[in-house]
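Colleague: Quick one: sequence plus predicted model below, questions after.
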Amino acid sequence: MLTLQLIKEAADRIRQHIHRTPVVTSRSFNEVAGREVFFKCENLQRAGAFKARGATNKILSLTDNERKRGVIAVSSGNHAQAVALAAREAGTRAVVCLPADAPKMKVAATRGYGADIRFFDRHKDDRDAFGREIAEREGLVMVPAYDDYLIMAGQGTCGLEFLEEVPDLDCVLTPCSGGGLFAGVSTAAKSIKPAIKCFAVEPETANDTQQSVVKGERVKISPPPTIADGLRVQTPGALTFPITRTNADAVLTVSDEEIIAAMRFMLFRMKLLVEPSGAAAAAAVFTKKIPKECPRVGIVLSGGNVDSELLAGILAG
């Protein structure tokens, strides 16, 4: 079970290994959004994204025998970097499975942290089966990207910090892919302040969570086309989905164009570099998709790992 106590234990465990990221505000963003907005800057986290929290919590929770065996992760990029970094610091071997079309910057960073990279084709291969086969063959311990309570608890420390700094938020939004970040942050937020509203945000073309919530069961979609490479999971997690379904006051969607507009605004007006996946929640507020009865809004900027070629295109308009 994911509980506030599990999240607090994760906070104690990882405190010396991660950044307590800043919370910032922007008058110009507030004017566009028509409300007071607070940004939790996980784009400034170690390895460039919130994923460092969950990966570190999981790896620090392994037994000595498990650490000797080594770990494996399947990821589109940010989780890969987080696992590679946490494994290096824990002194254990890391194998990371990445899609062949993963952003070059994320591949280079993962390799730079010392991981052994194996590529798969996201359009042909079953990513989970690909990872499991390697794990079984080489005796490695799986570090899931989201579908694990220790991972979710680690991500939940972001929400814990957020509510400690801004306790009177009316709502909090996070990007949503497999659901680990939203599950962790929303559990922390609602445990501390039951009346707070929590919104998960997905790209319009990658709305597997929204479809699943509407249907009442997990829906699997085709590999989605979206600029937000970190939000291209095809189905919610088996463990994360029940939590998302319980905690989400709504699942919102944004277009790639809306994500890009939010990215450009934050870069040029707020001097914050946020990757497309990390900007999804901000885009929902930027385009006024949340209820009017939420005047004080918390947004998790989940990552800042932008591929240089993609960034050049966005800057060029």
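Modeller: That came through fine.
Colleague: Give the buried residues for whichever helix in the chain runs longest.
Modeller: Identified as the longest helix of the chain according to DSSP state H is helix 149-165. Using 16 or more other C-beta atoms under 10 Å as the test for burial, helix 149-165 gives 149-163. C-beta coordinates here come from the backbone N, C-alpha and C atoms, glycine included.
Colleague: Packing partners of it?
Modeller: With contacts defined as 3 or more C-beta pairs under 8 Å, 6 or more residues apart in numbering; DSSP states H and E, the packing partners of helix 149-165 are helix 4-14, strand 36-41, helix 51-60, helix 180-192, strand 296-301.
Colleague: and the angle for it with helix 51-60?
Modeller: Helix 149-165 and helix 51-60 are oriented at 130 degrees to each other (axes from the mean of the first three to the mean of the last three C-alpha atoms, to 10 degrees).
Colleague: Can you lay out the helices and strands packed on helix 149-165 as TSV showing mean neighbour count and mean pLDDT?
Modeller: As requested, the helices and strands packed on helix 149-165 are exported to TSV (neighbours: other C-beta atoms under 10 Å; pLDDT from 0 to 100):
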stretch	mean neighbour count	mean pLDDT
helix 4-14	19	98
strand 36-41	22	98
helix 51-60	30	98
helix 180-192	28	98
strand 296-301	26	98
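Colleague: With respect to residue 275, which of the ones you listed lies nearest?
Modeller: For the helices and strands packed on helix 149-165, proximity to residue 275 was assessed by C-beta to C-beta; strand 296-301 is nearest, at 9.0 Å.
Colleague: Which elements pack onto the closest one?
Modeller: With 3+ C-beta pairs under 8 Å, 6+ apart as the test, strand 296-301 has strand 36-41, helix 149-165, strand 171-175, helix 280-286 packed against it.
Colleague: Would you mind writing the CA trace of the last one as PDB?
Modeller: It stands for helix 280-286. Output of helix 280-286 as PDB, limited to C-alpha atoms (Å, rounded to 0.1, in the frame of the first residue of the first chain):
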ATOM      1  CA  ALA A 280       2.400  19.300 -19.500                       C
ATOM      2  CA  ALA A 281       0.900  20.300 -16.200                       C
ATOM      3  CA  ALA A 282       2.000  23.900 -16.700                       C
ATOM      4  CA  ALA A 283       0.400  23.900 -20.100                       C
ATOM      5  CA  ALA A 284      -3.000  22.900 -18.600                       C
ATOM      6  CA  VAL A 285      -2.900  25.900 -16.200                       C
ATOM      7  CA  PHE A 286      -1.500  28.200 -18.900                       C
END
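Colleague: Do me a favour and average the pLDDT over that helix.
Modeller: In this model, helix 280-286 carries a mean pLDDT of 98.
Colleague: same check, this time on the longest one
Modeller: The predicted model assigns helix 149-165 a mean pLDDT of 98.
Colleague: Hey, what's the angle from it to strand 36-41? Just curious.
Modeller: 140 degrees.
Colleague: Show me how far helix 149-165 is from its chain's centre.
Modeller: Between the centre of helix 149-165 and the centre of its chain there are 12 Å (C-alpha atoms, centre = their mean, to the nearest Å).
Colleague: Then the first one?
Modeller: The chain centroid and the centroid of strand 36-41 are separated by 16 Å under C-alpha atoms, centre = their mean.
Colleague: And for residue 35, the neighbour number?
Modeller: 18 (other C-beta atoms under 10 Å).
Colleague: no no, residue 139
Modeller: Residue 139, neighbours per other C-beta under 10 Å, totals 10.
Colleague: Does it touch residue 68 like I think?
Modeller: No. Residue 139 is not in contact with residue 68 according to C-beta atoms under 8 Å; the separation is 9.7 Å.
Colleague: so what strands line up beside whatever helix or strand residue 202 lives in?
Modeller: For residue 202, the enclosing helix or strand under DSSP states H and E is strand 197-203. For strand 197-203, the paired strands and their directions (DSSP bridges) are strand 171-175 (parallel), strand 250-254 (parallel).
Colleague: Out of the ones you listed, which is the most enclosed?
Modeller: Most buried of the strands paired with strand 197-203 by mean neighbour count (mean count of other C-beta atoms under 10 Å) is strand 171-175; its value is a mean of 29.
Colleague: returning to that earlier point: can you tell me which of the strands paired with strand 197-203 comes nearest to residue 104?
Modeller: So among the strands paired with strand 197-203, strand 171-175 is nearest, using C-beta to C-beta, at 21.6 Å.
Colleague: what's in contact with that closest one?
Modeller: 159, 162, 181-182, 185-186, 189, 196-202, 228, 230-231, 249, 252, 277-278, 280-281, 284-285, 290-291, 294, 296-300, 302 (C-beta atoms under 8 Å, 6 or more residues apart in numbering).
Colleague: Name the nearest residue to residue 109, ignoring sequence neighbours.
Modeller: residue 81 (5.0 Å; C-beta to C-beta, 6 or more residues apart in numbering).
Colleague: Spell out which helix or strand contains the one you found, please.
Modeller: Judged by DSSP H and E, residue 81 forms part of helix 78-90.
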